[in-house]
Each structure stands twice: as structure tokens, then as C-alpha cells.
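just a sequence and a predicted model for now, questions to come.
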Amino acid sequence: MNMYDTYFMLAAVKEIPLTRVYFRDRYFPTNTTLDIFGTAKVFVDYAEGNKKLAPFVVPRIGGVSILRKGFETFDLEPPNISLKRTLTVDHLKKRGFGEAISSDRTPADREKIFLMDDLNELSDRITRREEWMAVETILGNGCKMKHITDREDVEFEEIEARYYKGTDNPAEYTPATPWTSDNDSWRKDVRAMAKSLSARGLAAEDLVVAPDVGDFIEESEWFQKRLDNRRMEYGHLAPAELTDGTTFLGRLNFGGKMLNIIVHEETYEDEAGNDVPYLPAGSVIVTAPGCGHTVYGGGTQMEKDEQFYTHAGTRVPKYDADTKHDTKEVRVTSKPLMAPKTKSPWVVAKKVFD
């Protein structure tokens, strides 16, 4: 089979393990059966949590009918992420990265290596964009995405996926006072954030914080005194790395709620070359694993027979050849969208020190 055949490359891309990232993998896992669509638009369902009790009934009436839990459906078109890499004759003539100086590799051998390396790198860049989308979706209860256009008068076209109605974000929590080492109001804020989820029948398991907030918690005199108390169990601090740039700090008790404290300090490089944290300084998130999911729309493209086909997948590759200029081009497209499974399954506080 031709290694540039779309179906061959689709199979090859599926064999490439996606780079591990924290927010996408923990809070927006993909169900390969339900979350990958072969259409341009996707359906996103989410429901309200509830804490209603079952009624007592006398045996002779059999049971009491209850209404099924309602849900809302959003018909959304995921954003389009697309990258390409060009291969020229000059690339095939030169020794590749890591290749021995006296290597006997032929241009054909190098071409195969370039193809897999390009598919890997393009996929990794998409993964970093997915991680950015995951963080933005939690922080804003939705995500604004700027698409590069081909119009001279408009550089970007903005598309927004928002998971609440009105102007006020119901998932945003504002501390009554800035967090300082002089009081323990911050502890009460975290407790209130967790309680607001459990009050709606939703889980609260993780406290995800920016590095400056993690340092603040570790250095908190209030917790240091209580963790040193042998007769009262408030939790424990036992730092351990989860993924690159993500550290499990420990488990602490906030008014009866045991939360995993996770410090996220991973960064990405923006278009200007600046190192930018995914999670801004002063950010605090209370949520639970699997609170959302990543869905993917189908990628439509023209194949060699000049017909349009739509492929379902997390990554959709395409190959083009320019025989006049002796170049080949590999493109990878992805249409991901992060969505909650229930209404506002997270609570977010921003700039807690301001």
C-alpha cells in the first residue's frame, strides 16, 4: 500500500500515542465510540445534577412515577485546527537529525522517516492546542477560538462555544477578600467552592491551582500547624509528579471535603515566542475527573480521485504532491471540542491574591 494513501496514514496516526497532557486527559477524556463524529457538527448533551430522595410508598400501590432527568443538547461545529509540513528534494539529500555521518540511508528511507516524524510533530502541536482549549473551557465555562482567515480585511474570525446562558458565568467564584497569610479565609473559600458543587449533586475531588497558589498552600502557617498535630487528621502533603509540569501536592481536608491538591505549571510558547502558563497565576479550580469529554467532528477533504470524503478521527491526515516543484506536503487536521457532561461541573476563582 502507498504510504501516502489517506487510509494508510489514518491507520498510522491511530498507532501514534497522543502525548499525555493533564487537563485534556483527566477532565475531558474521549470515548472513542461515542465522541468521534463523522459529521462537521457534533451534538453535546449535558444535564443538571440533582439530590432528590426516593419516596416511601405502601406496598399495594407498587411505586411512584418520577420524571426522567432532563438534559440540554447543543448542536455545535467544532473549531478547525490544521497544520502542514512540506518535504523537498533538498531535505532528502541531507543527513537527518540523529543520523550517523556515514549513514547509508537512501532518500526513499529518509522519506519514510520524515513522514512519521512530521505526523508526530503535527499531532503534538494539536495536542498542545487541545490542552489550551481544555483549560480555557474550565476557566471560562466555554472557549473563544480565533481562526486565521484568508480575507485581507479580517485577520481572525472568532468562534465561541459557551455552556451557560446570560452574561454571568455561574461557575465563577469571587473570594470576599484577597488571600493572605494573615487569615484562613482562603480555606473557607475552597470549602465554599467544593460545597457549591456537592449542593448540586456533583463531585468535588480535585483542587487544581497555579504554582503561586501551590506555594501559598505549602507555606500556610494554618495548615503546617494542623498537619503537625498527631491527634487530628487534616490530610497529608506528599508531592509526586503526575505529568510534565503537573505535581500532586497531597490531600487536605476542607470542612469535611478531602481534595487532591494539584499544582499545574506547564507552559506553552505563543506566537511571539513567549513562554506562557496554561493556568494563569492566582487561578484556583475545584472539580472532579471525567467532568467533561472531548468530542471530534469529521474532517472533510478532497482525495486523489477529486471527490470529497469525510473522515472520522482525532487526527485526519492528507497528502499532496507538486510534481512541478518536486515537493510533497503532509497535512493533519483535527476538529476537537471540549464540553461538560453536566452544567458547570467546576468552580473557578481567578486572581485570588488581588
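Yes, it's here.

for the rest of this, base every contact and every neighbour count on C-alpha atoms.
OK.

give me the domain ranges for the protein.
6-40+79-160+294-334, 173-291+343-349 (automatic domain parsing).

between these, which gets nearest to T167?
Checking the domains of the chain against T167 by C-alpha to C-alpha gives domain 6-40+79-160+294-334 as the closest, at 11.6 Å.

ends of that closest one, what's the gap?
End-to-end distance for domain 6-40+79-160+294-334, by C-alpha to C-alpha, to the nearest Å: 14 Å.

name the SS class of A339, please.
strand (DSSP: H, G, I helix; E, B strand; the rest coil).

quick one: residues contacting it.
F28, V44, T137, G142, Y163, G292, H293, T294, V295 (C-alpha atoms under 8 Å, 6 or more residues apart in numbering).

bridged to it, which residues?
H293 (DSSP bridges).

how about low-confidence regions in the stretch 151-300 of the chain?
Filtered on pLDDT under 70, the stretch 151-300 of the chain yields the residue ranges 152, 222-237.

how about 90 then?
Applying pLDDT under 90 to the stretch 151-300 of the chain flags residues 151-167, 176, 180-185, 187, 201, 217-244, 249-257, 270-272, 299-300.

one step back: tabulate the domains of the chain (a markdown table), appending distance to T167 and mean neighbour count.
Compiled in a markdown table, the domains of the chain are given as follows (distance: least, C-alpha to C-alpha, whole Å; neighbours: other C-alpha atoms under 10 Å):
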| stretch | distance to T167 | mean neighbour count |
| --- | --- | --- |
| domain 6-40+79-160+294-334 | 12 | 16 |
| domain 173-291+343-349 | 14 | 17 |
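
select, out of these, the one closest to P59.
Closest of the domains of the chain to P59 is domain 173-291+343-349, at 28.9 Å (criterion: C-alpha to C-alpha).

can you pull out the helices in the stretch 201-350 of the chain?
For the stretch 201-350 of the chain, the helices defined by DSSP state H, counting those that start in this stretch occupy 211-218, 221-227.

which strands and helices sit next to the first one?
What that stands for is helix 211-218. strand 257-264 (3 or more C-alpha pairs under 8 Å, 6 or more residues apart in numbering; DSSP states H and E).

change it to 6 Å
Packing partners of helix 211-218 (3 or more C-alpha pairs under 6 Å, 6 or more residues apart in numbering; DSSP states H and E): none among the helices and strands.

how about the CA coordinates for that helix, as PDB?
C-alpha atoms of helix 211-218 as PDB (Å, rounded to 0.1, in the frame of the first residue of the first chain):
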ATOM      1  CA  PRO A 211       2.200  27.500  41.100                       C
ATOM      2  CA  ASP A 212       1.900  30.700  43.200                       C
ATOM      3  CA  VAL A 213      -1.200  29.300  44.900                       C
ATOM      4  CA  GLY A 214       0.500  26.000  45.500                       C
ATOM      5  CA  ASP A 215       3.400  27.700  47.200                       C
ATOM      6  CA  PHE A 216       1.000  29.700  49.300                       C
ATOM      7  CA  ILE A 217      -0.700  26.500  50.500                       C
ATOM      8  CA  GLU A 218       2.600  24.800  51.300                       C
END
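
okay, angle between that helix and strand 257-264 too, please.
Between the axes of helix 211-218 and strand 257-264, defined by axes from the mean of the first three to the mean of the last three C-alpha atoms, to 10 degrees, the angle is 140 degrees.

show me what helix 211-218 is in contact with.
Contact partners of helix 211-218, identified using C-alpha atoms under 6 Å, 6 or more residues apart in numbering, comprise V263, E265.

so how far is that helix off the chain centroid?
Remark: helix 211-218 is offset 23 Å from the chain centroid, using C-alpha atoms, centre = their mean, to the nearest Å.

cool, stretch 204-212 as well?
15 Å.

and for stretch 346-354?
How far stretch 346-354 lies from its chain's middle: 19 Å, per C-alpha atoms, centre = their mean.

fine by me, we can end here.
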